[in-house]
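**Q** got a predicted model here, sequence first, then my questions.
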Amino acid sequence: MDGARNFRDSFLEAAALGLLATATLYVAPLHIADCLDRWLFDIWSQIAPSVGPPGDILLVRLDDPTSLDGIAQLARDEHARLLISTQPQAPTAQNDDFVLGPTELPVGAMRLQRTQWRNGGHLWFDPDMDGVVRNDMPLIDDGTQPSLALRAARKLSGESTPPREASKAERGEDRRRWLRFYPGRPFPEVTAAQAFADPTRLRDKVLIAGGPAQSELTPLGPLTTNVLLAHAISGYLQGVRINVGIVGAALGWVLAAVLIGVLGVLRAPTRPIAWLALTGAALGILVVGTIAFGAANLWLPVTGPLAWVVLAGSLLAIRVPRAARPKRLDGDLVAARQAASGGQLADAWSRYRQISPVPALLPELYELASQLDAAGNDRCAADLFHRIAQVDGEFRDVARRLVRANQPQSAGVTVNRDEMPAAMGRYQLLEPIGRGAMGYVYLGRDPKINRIVAIKAVNLAAEVEPAELEEASRNFLREAEIAGRLSHPNIVTIFDVGETNGLAYIAMEYLKGRHLSEFVVPERLLPVNTVLDLLSRTADALDYAHSQNVVHRDIKPANIMYDSIADGLKITDFGIARLIDVGRTRTGIVLGTPAFMSPEQLEGKNVNGHTDLFALGVSLYQLLTGHLPFRGASMTKLMFVIANEPHESVTAVRPDLPPRLNPIIDRALAKEPSDRFQTGAEMAAALRTAALTA
């Protein structure tokens with residue numbers, strides 16, 4: 001009972017919301033529904049079958065307006081039934097009503113002007129809002145002035161009153177007569193010259209004469225006025241018109257209500273069936289509208305009803321529960337366990353990665369990760385330990401194992417775990433990672449959303465004078481927030497900044513992978529194209545940061561993390577040098593890593609993006625050769641070499657490297673900032689070009 005009541009409420013809500021949304025289609029000034037309905041009118045006018053027009057109508061093209069007199073005389077001689085002209089110039093003789101013409105023509109949007117014609121009617125096809133003519137104005141001036149089409153139909157029918165289709169208009173009940181157009185080229189046409197050459201063509205015909213310059217836009221496209229007039233006259237003579245009114249509009253809405261009710265009664269069991277039923281209902285409305293137009297000459301404005309069905313039906317379909325997908329968990333899990341028990345650790349790791357690490361699976365995931373770690377496959381081990389920590393960061397010693405597997409180089413860093421705080425702000429600290437440039441780095445967990453993070457903390461009290469501590473803390477947090485606003489796929493995300501127990505901290509995403517500093521020795525160099533790809537992405541990230549007026553100040557391989565499993569790259573410690581700088585008041589402290597510093601940075605000048613690109617050039621050199629481009633036995637000697645001496649070409653250090661790399665590194669390591677790459681994007685493009693030509 002509750003299910004039926006809930007469905008009923010959902011059905012009524014969907015119908016009401018759909019109707020409300022549909023109402024917006026009729027709001028001025030767009031009138032979207034009206035425009036779409038007229039568009040459908042035009043399509044149906046072109047494709048819906050119709051009876052053929054009268055066979056005795058002949059179009060005569062008057063290239064010369066003065067030829068009307070001659071055509072009129074020929075028409076009389078050949079006993080033509082009637083001659084109707086659309087041109088404003090009346091013939092010389094207007095002695096009878098054998099020749100009809102436009103007694104009034106439109107001037108401007110809503111004003112008519114009398115012509116010299118005495119016999120005929122007004123020639124005013126009032127376009128719709130989109131400029132398309134779809135109807136004739138049978139009578140204007142309170143029913144005293146007929147249209148030229150109506151006047152011609154009266155004459156041809158031999159009646160003093162209009163045919164039955166025009167009687168309504170004459171009684172003032174219908175101001176517009178919607179035309180039923182005849183698709184294709186239904187009316188034959190001759191030129192005036194052809195008529196003079198063979199007058200028998202005019203015999204017993206209804207002639208409609210006009211010039212080619214006069215035209216109107218219609219559902220069939222642009223038509224000359226005499227062709228449009230032929231359509232209108234034919235409709236009067238055959239009693240063919242498009243019926244428009246409250247009945248057609250009501251039928252459309254009734255049909256929509258019935259279809260929505262059917263959708264509700266059917267209550268599709270699955271979402272695909274619901275969408276299929278909705279598609280059928282929408283097509284049904286269009287088919288009914290097409291049949292009514294073609295077979296009954298009844299125009300159903302279906303846009304509103306169709307929109308109601310689609311919107312209400314979509315809401316109902318969305319609320320149908322998805323069909324339960326076949327569960328492959330058991331089969332995948334069995335295969336993963338078989339691979340693990342058979343010693344196929346890499347295959348087992350690959351299979352376990354396809355399975356959500358629910359708590360029940362943590363013991364076997366931990367066991368597999370430990371085996372991978374023992375086998376030396378620390379990359380896959382770190383991946384599994386990270387997945388376990390995302391579920392339960394306190395599971396066994398997973399935090400410690402994750403740090404060891406993910407960053408084996410930190411094993412030699414002495415960090416006393418007993419001195420690690422239990423928490424920092426709202427973050428639970430799980431394991432010390434190591435000592436960074438600004439203090440300790442911890443593996444942490446955000447208990448609110450169960451997210452593993454890296455916490456970097458700095459004791460500002462140890463870095464600044466006591467009197468400056470408060471201001472230093474404000475500056476530190478402000479600069480951290482600036483760095484945290486950077487949002488780029490190749491820049492580590494900063495989630496939060498704060499201060500607790502005298503320690504300022506930054507919470508950022510914990511990264512899997514290796515620092516590129518592990519690949520700067522000749523025995524572990526990465527492939528050349530891999531280096532070019534990674535540093536081109538780094539240059540793109542620097543370009544973005546520089547556009548946000550943020551400079552890294554300490555670019556080096558140790559601050560670039562590479563996850564070869566996911567092919568991910570992240571710049572770490574963004575703005576850390578600046579964060580320390582804003583808090584320090586001591587003198588004689590060199591920020592950054594000297595071997596990667598630009599000449600202007602060593603001189604203590606203001607730095608900008610050129611400094612980061614110089615450091616990226618040093619990193620490129622080291623990753624390609626396994627050596628630094630500038631070396632010195634002392635800090636003083638190193639500073640002198642960076643500022644004054646050229647570097648050795650990479651091809652001299654490593655002859656197998658392509659010579660095209662030399663100009664890229666030469667430009668990146670130029671002593672003057674103006675001689676280097678001007679943007680990170682420019683350097684990225686150069687690196688990618690070098691890789692493409694490999």
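**A** That came through, no problem. Numbering: from 1, shown residues only.
**Q** what about the closest residue to Asn501 other than its chain neighbours, distance to Ile565?
**A** Leaving aside its chain neighbours, Asn501 sits nearest to Pro421 (7.2 Å; criterion: C-beta to C-beta, 6 or more residues apart in numbering). To be clear about C-beta, it is placed using only N, CA and C from the backbone, and glycine gets the same treatment. According to C-beta to C-beta, to the nearest Å, Pro421 stands 32 Å off from Ile565.
**Q** then Pro659?
**A** Taking C-beta to C-beta, one finds Pro659 at 33 Å from Ile565.
**Q** neighbour count: the two, which is higher?
**A** A count of neighbours by other C-beta atoms under 10 Å puts Ile565 above the other of Pro659 and Ile565, at 13 against 10.
**Q** that one contacts Lys512, correct?
**A** Yes: with contact defined as C-beta atoms under 8 Å, Ile565 reaches Lys512; the gap is 7.4 Å.
**Q** my read is Val287 is in a helix, agree?
**A** Yes: the assignment for Val287 (DSSP: H, G, I helix; E, B strand; the rest coil) places it in a helix.
**Q** and the strands in the stretch 51-200 of the chain?
**A** Assigned by DSSP state E, counting those that start in this stretch, the strands in the stretch 51-200 of the chain fall at 57-61, 82-85, 99-106, 112-114, 120-122, 135-136, 139-140, 145-146, 177-178, 189-191.
**Q** in the fourth one, what's buried?
**A** For strand 112-114, the neighbour count (16 or more other C-beta atoms under 10 Å) marks Leu112 as buried.
**Q** so what strands line up beside that strand?
**A** Strands that pair with strand 112-114, judged by DSSP bridges, come out as strand 99-106 (antiparallel).
**Q** tell me the phi and psi of the residue nearest to Asn501?
**A** phi -60, psi 160 (degrees, to the nearest 10).
**Q** would you mind measuring from it to Lys671?
**A** Taking C-beta to C-beta, one finds Pro421 at 46 Å from Lys671.
**Q** with Gln238 instead?
**A** From Gln238 to Lys671 the distance is 92 Å (C-beta to C-beta).
**Q** neighbour-wise, which of these two wins?
**A** Gln238 (18 against 15).
**Q** domain map for the protein?
**A** Following automatic domain parsing, one gets these domains for the chain: 2-46+245-318, 53-238, 326-406, 514-692.
**Q** I'd like the ones you listed as CSV, with mean pLDDT appended.
**A** CSV is the format used below for those (pLDDT from 0 to 100):
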stretch, mean pLDDT
domain 2-46+245-318, 86
domain 53-238, 86
domain 326-406, 84
domain 514-692, 89
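**Q** CSV for these, including distance to Tyr505?
**A** Below are these laid out as CSV (distance: least, C-beta to C-beta, whole Å):
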stretch, distance to Tyr505
domain 2-46+245-318, 44
domain 53-238, 64
domain 326-406, 17
domain 514-692, 11
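**Q** of the ones you listed, which approaches Arg426 most closely?
**A** domain 326-406 (14.0 Å; C-beta to C-beta).
**Q** any idea how far the closest one is from the chain center?
**A** Relative to its chain's centre, domain 326-406 lies at 38 Å (C-alpha atoms, centre = their mean, to the nearest Å).
**Q** got the CA coordinates for stretch 665-672 in CSV?
**A** Extracted in CSV, the C-alpha atoms of stretch 665-672 (Å, rounded to 0.1, in the frame of the first residue of the first chain):
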residue,chain,number,x,y,z
ILE,A,665,68.6,23.5,-22.4
ASP,A,666,70.8,26.4,-23.5
ARG,A,667,67.7,28.7,-23.5
ALA,A,668,66.3,27.4,-20.2
LEU,A,669,69.7,28.0,-18.5
ALA,A,670,70.4,31.4,-19.9
LYS,A,671,72.0,33.8,-17.4
GLU,A,672,69.7,36.6,-18.3
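**Q** show me where the stretch 451-600 of the chain has its helices.
**A** Along the stretch 451-600 of the chain, counting by DSSP state H, counting those that start in this stretch, helices occupy 469-484, 528-547, 576-581, 599-602.
**Q** who does the shortest one touch, helix- and strand-wise?
**A** Of the remaining helices and strands, those touching helix 599-602 by 3 or more C-beta pairs under 8 Å, 6 or more residues apart in numbering; DSSP states H and E are helix 609-625, helix 635-644.
**Q** run the chain-centre distance for that helix.
**A** For helix 599-602, the distance to the chain centre is 45 Å (C-alpha atoms, centre = their mean).
**Q** with stretch 563-570 instead?
**A** That offset, for stretch 563-570, works out to 27 Å (C-alpha atoms, centre = their mean).
**Q** need the CA coordinates for that stretch. CSV is fine.
**A** The C-alpha trace of stretch 563-570 is given here as CSV (Å, rounded to 0.1, in the frame of the first residue of the first chain):
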residue,chain,number,x,y,z
ASP,A,563,53.0,7.9,-10.4
SER,A,564,54.0,5.5,-13.2
ILE,A,565,51.0,3.2,-12.6
ALA,A,566,48.4,6.0,-13.2
ASP,A,567,50.8,8.1,-15.4
GLY,A,568,50.1,10.9,-13.0
LEU,A,569,52.4,13.9,-12.2
LYS,A,570,52.2,16.5,-9.5
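**Q** pretty sure the residue nearest to Asn501 sits against Asn459.
**A** No: counting by C-beta under 8 Å, no contact exists between Pro421 and Asn459, whose distance comes to 11.8 Å.
**Q** which residues do the two both contact?
**A** Overlap of the contact sets of Pro421 and Asn459 (by C-beta atoms under 8 Å, 6 or more residues apart in numbering) consists of Leu503.
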